[in-house]
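In: Model the following, please.
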Amino acid sequence: MKVPTIAATALNQYRNEKRSIEYVVLGPAQAGEIPPPTPEVLSKYFEERKALFRTPEFRKVTLLRLSPAEIAKPDTVSDADAKAYFEQRKDSYGRPEKRELRQIVFPNAEEAAAARERVTKGATFDDIAKERGVNESDTMLGTVAKADIIDPAIADAAFALKQGEISQPVKGRFGTALLQVSKIEPGEEKTFEQLASQVKTEIAEGRAKSEVTTLRDKIEDERAAGSTLAEAAKKLGLSVISIEAVDRSGRGPDGQPVPGLPQTPDVVNAAFSSDVGVDTEALQLPNGGYLYFDVVGVTPSRERTLEEVKDQVEARLHDDEVAKRLLAKANDIVGKLKAGTAFAQAAQEAALSVATATGLQRGKQAGFVPARVVDVVFRTPKGAPGTAEGEKLTERFIFRVTDVVDPTLDASSPQGKAINDTLQNSYVDDIVNEFIGWLENDFGVNVNPAALNQATGGGAQQ
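Out: Presented below is the predicted three-dimensional model:
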């Protein structure tokens, strides 16, 4: 499927077009003093926006993490077992010594010995390489640990040398070689005493993996018998976490994120997709294991009185008034710019400092310029002014687009190939879907949801 050049060019321009602007920022200081609202104004504002101040729906949730890390018992691992484990894996702890290694391979031992003899008479490694027509880059094996060298003879010889020293001829798998160590990076060895706790934890978690499967089956049996998650956990000697109240955003009644709430997997979304008494499916933990949850209670959303949220209402009313004044001021300045006033002059008249931003790209924040402002910049023609709300309601940007750089598409570049692959895959998917749709229509295909659900493991629908 050949991608049309015009489509690739358009996508490249959309992704990689860059713009520059000059801008000023209006904030609360430019809005002037906002007098406190009268009780009547505050009450009217609240009544018109009651939905904004409702309490969110909260859910009480019981959680049970079942993973090797949760049920492992490092204290039951003996010192003898831990030391044996450590000795078997000693090289994986700490940091191994590394050496920058050079090598010249000879077709036979005699030529290697002759070259080594020349070294004793003052020849350097580079001299030997040059005589044999070997480029310096071809002699470099890189900076490697001993375990990285697949030839044991070469590895042993290389790590017995001093820095700068040239080895005696070494008979390796691929010929006889001379070696030189250009640089040595010392390693760092860890003792068992330093890592005893970590080693015991690793052993305990390894042992616990099989236990996770056993406990999972027991939990499923208990839940199938009608036990709650808390009851099943108590019977099996496991601990649960009780979240008294959490809203859809993962926050508690105090408006702060609920501590100890797992972020991966998204248990909050799963809890709000379920209900009290529903036998929920366990969620997969990223490090192996399962996260079980029960929705224990639901506190519905409700309207709050003005007295409950008076401070919030006053703050929002204040910010709305600031935003209204800033918009009016921004529109006034933009009007002057459209009438021909220079940007610097308009800024000076408003007692504002002009800043510049270059290399702006769609959907990306650039320095102090928020992504939402960048989006408006890309809807504004070159040379034209514009205005957009910043990251906060009480912040407004006024800008002028000073430059637009259209990217050139090089179809052979990695970027060009990526764009071609993206469009090609999209076109092919569209064509295949259209073809399947045509076949379904032509042959008269019907889907049996119950059979499909059963075939995919969901069980027969009632």
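In: Could you pull out the strands in the stretch 101-250 of the chain for me?
Out: Counting by DSSP state E, counting those that start in this stretch, residue ranges of the strands within the stretch 101-250 of the chain are 140-145, 170-172, 175-185, 241-246.
In: Buried residues of the second one, list them for me.
Out: Looking back up the chat, that one is strand 170-172. Residues 170, 172 are the ones in strand 170-172 that count as buried (16 or more other Cβ atoms under 10 Å). Yep, even glycine has a C-beta here, placed from its N, CA and C like the rest.
In: rewinding a little: out of the strands of the stretch 101-250 of the chain, which is closest to residue 44?
Out: Of all the strands of the stretch 101-250 of the chain, strand 241-246 sits nearest to residue 44, with 31.7 Å by Cβ to Cβ.
In: List the buried residues for the closest one?
Out: Quick answer for strand 241-246 (16+ other Cβ under 10 Å): 243, 245, 246.
In: residue closest to the middle of this protein?
Out: By Cα atoms, centre = their mean, the chain has its centre lying nearest to residue 264, at 12.2 Å.
In: tell me which element the residue lying closest to it once chain neighbours are set aside falls in.
Out: Spatial nearest neighbour of residue 264, excluding adjacent residues (Cβ to Cβ, 6 or more residues apart in numbering): residue 286 at 5.4 Å. Using DSSP states H and E, residue 286 falls within no helix or strand.
In: so what's residue 286 scoring on pLDDT?
Out: With respect to pLDDT, residue 286 scores 86.
In: residue ranges of the strands in the stretch 251-400 of the chain, please?
Out: 283-284, 290-299, 355-360, 385-389, 396-405.
In: Among those, which comes closest to residue 104?
Out: Nearest to residue 104 among those is strand 355-360 (48.3 Å), distances taken as Cβ to Cβ.
In: what lines up beside the closest one in the sheet?
Out: The pairing partners recorded for strand 355-360 under DSSP bridges are strand 18-26 (antiparallel).
In: Only the buried residues of the partner strand, if you could.
Out: For strand 18-26, a neighbour-count test (16+ other Cβ under 10 Å) marks 19, 20, 21, 22, 23, 24, 25, 26 as buried.
In: residues making contact with stretch 222-233?
Out: Outside stretch 222-233, the residues within contact range by Cβ atoms under 8 Å, 6 or more residues apart in numbering are 62, 64, 218-219, 235-236, 238-240, 242, 279, 292-294, 296.
In: please redo it, this time with the cut-off set to 6 Å
Out: In this structure, residues lying in contact with stretch 222-233 by Cβ atoms under 6 Å, 6 or more residues apart in numbering are 62, 64, 219, 240, 279, 292, 294.
In: Need the distance between the two termini of that stretch.
Out: By Cα to Cα, to the nearest Å, the extent of stretch 222-233 from end to end equals 9 Å.
In: list the buried ones in it?
Out: For stretch 222-233, burial by neighbour count (16+ other Cβ under 10 Å) applies to 222, 223, 227, 229, 232, 233.
In: ditto for stretch 380-395
Out: By neighbour count on 16+ other Cβ under 10 Å, the buried set for stretch 380-395 is 380, 385, 386, 387, 388, 389, 390, 394, 395.
In: Equivalent analysis for stretch 181-188, please.
Out: Buried residues in stretch 181-188, defined by neighbour count with 16+ other Cβ under 10 Å: 181, 184.
In: Then stretch 335-346?
Out: 336, 337, 343, 346.
In: for stretch 184-201, same thing?
Out: 184, 195, 196, 199, 200, 201.
In: Give me the contacts around that stretch.
Out: 74, 77, 82-83, 85-86, 93-99, 163.
In: can you give me the end-to-end distance of it?
Out: This stretch, stretch 184-201, spans 33 Å end to end (Cα to Cα).
In: do the same with stretch 220-231
Out: Termini of stretch 220-231 sit 12 Å apart (Cα to Cα).
In: do stretch 8-22 as well
Out: 31 Å.
In: returning to what we had before: among the buried residues of stretch 222-233, which lie within helices?
Out: 222, 223, 229, 232, 233 (DSSP state H).
In: State the distance from the last one to residue 293.
Out: Right, residue 233. In this view, residue 233 and residue 293 are 12 Å apart by Cβ to Cβ, to the nearest Å.
In: what residue of this protein is the furthest out?
Out: Centroid-distance maximum for the chain: residue 121 at 58.5 Å, with Cα atoms, centre = their mean.
In: Starting from the helix or strand containing residue 100, tell me which strands it pairs with and how they run.
Out: In this structure, residue 100 sits in strand 98-106 according to DSSP H and E. According to DSSP bridges, strand 98-106 has the following sheet partners: strand 140-145 (antiparallel), strand 175-185 (antiparallel).
In: between the ones you listed, which gets nearest to residue 36?
Out: Across the strands paired with strand 98-106, closest to residue 36 is strand 175-185 (Cβ to Cβ), at 67.3 Å.
In: model confidence over that closest one, on average?
Out: Per-residue pLDDT values across strand 175-185 average out to 93.
In: rewinding a little: tell me which of the buried residues of stretch 335-346 is nearest to residue 130?
Out: residue 343 (63.9 Å).
In: Can you tell me how far that closest one is from residue 380?
Out: Look at residue 343 and residue 380: by Cβ to Cβ, they are 13 Å apart.
In: Check residue 247 too.
Out: Distance of residue 247 to residue 380, given as Cβ to Cβ: 38 Å.
In: The closest residue to residue 316 other than its chain neighbours - how many residues pack around it?
Out: Using Cβ to Cβ, 6+ apart and skipping the chain neighbours, the partner closest in space to residue 316 is residue 52 (7.3 Å). Residues lying near residue 52 (other Cβ atoms under 10 Å) number 11.
In: Repeat that for residue 360.
Out: Counted with other Cβ under 10 Å, residues neighbouring residue 360 total 25.
In: Equivalent analysis for residue 280, please.
Out: Number of residues near residue 280 (other Cβ under 10 Å) recorded here: 17.
In: Ok, residue 419 next?
Out: By the measure other Cβ under 10 Å, the count of residues near residue 419 is 23.
In: and it, what pLDDT?
Out: pLDDT, residue 419: 86.
In: For it, give its distance to residue 344.
Out: According to Cβ to Cβ, residue 419 stands 39 Å off from residue 344.
In: Likewise for residue 439?
Out: Using Cβ to Cβ, we find residue 439 at a distance of 65 Å from residue 344.
In: What ranges in this protein fall below the confidence cut-off?
Out: Low-confidence segments of the chain, defined by pLDDT under 70: 452-462.
In: ok, how many other residues are close to residue 213?
Out: The local packing of residue 213 (other Cβ under 10 Å) involves 12 other residues.
In: do the same with the one 5 residues further on
Out: By the criterion of other Cβ under 10 Å, residue 218 has 14 neighbours.
In: and residue 109, how many residues sit next to it?
Out: By other Cβ under 10 Å, the residues close to residue 109 number 13.
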